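Enquirer: Here's my sequence, what's the structure:
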Amino acid sequence: MSAVAEQPLDRWLARVRQIGAHRPHRADYAAYERLKAELVREFPCLTGAEYERAVAAIARATGV
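Expert: Down below sits the predicted model:
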């Protein structure tokens, strides 16, 4: 067991990366917008840095 507890945002970003690993190699703008909406719904109190990190991960995962 890890000594550091994994944060909910980190678990969510790991799921986004898994989704990205299985997507076609083209930009999927619908998935990008859907994941951003889910991010805001699930984590309404993100700091600016956390939001930027999450959106960058979403963009990479969706090819945007």
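
Enquirer: so who does Glu50 touch?
Expert: Neighbouring residues of Glu50 by Cβ atoms under 8 Å, 6 or more residues apart in numbering: 9, 43. (C-beta placed from N, C-alpha, C; glycine too.)

Enquirer: roughly how far apart are Val64 and Ala30?
Expert: Here Val64 is placed at a distance of 10 Å from Ala30 (Cβ to Cβ, to the nearest Å).

Enquirer: For the two, work out which one has more neighbours and name it.
Expert: It is Val64, of Val64 and Ala30, that has more neighbours when counted by other Cβ atoms under 10 Å, with 15 against 9.

Enquirer: Which residue, other than its chain neighbours, is closest to the more buried one?
Expert: By the measure of Cβ to Cβ, 6 or more residues apart in numbering, the closest residue to Val64 outside its immediate chain neighbours is Tyr32, 4.6 Å from it.

Enquirer: helix, strand or coil for the one you found?
Expert: In the three-state summary, Tyr32 is assigned as helix, counting by DSSP: H, G, I helix; E, B strand; the rest coil.

Enquirer: and if you look at Arg26?
Expert: Three-state call for Arg26 (three-state DSSP): coil.

Enquirer: in the protein, which ranges drop under the pLDDT threshold?
Expert: Counting by pLDDT under 70, the chain contains low-confidence ranges at 1-5.

Enquirer: again, only using 90
Expert: Scanning the chain for pLDDT under 90 picks out the ranges 1-6, 19-26.

Enquirer: isn't the residue nearest to Val64 right up against Ala57?
Expert: No. Shown here, Tyr32 and Ala57 do not form a contact pair, counting by Cβ atoms under 8 Å, at 11.1 Å.
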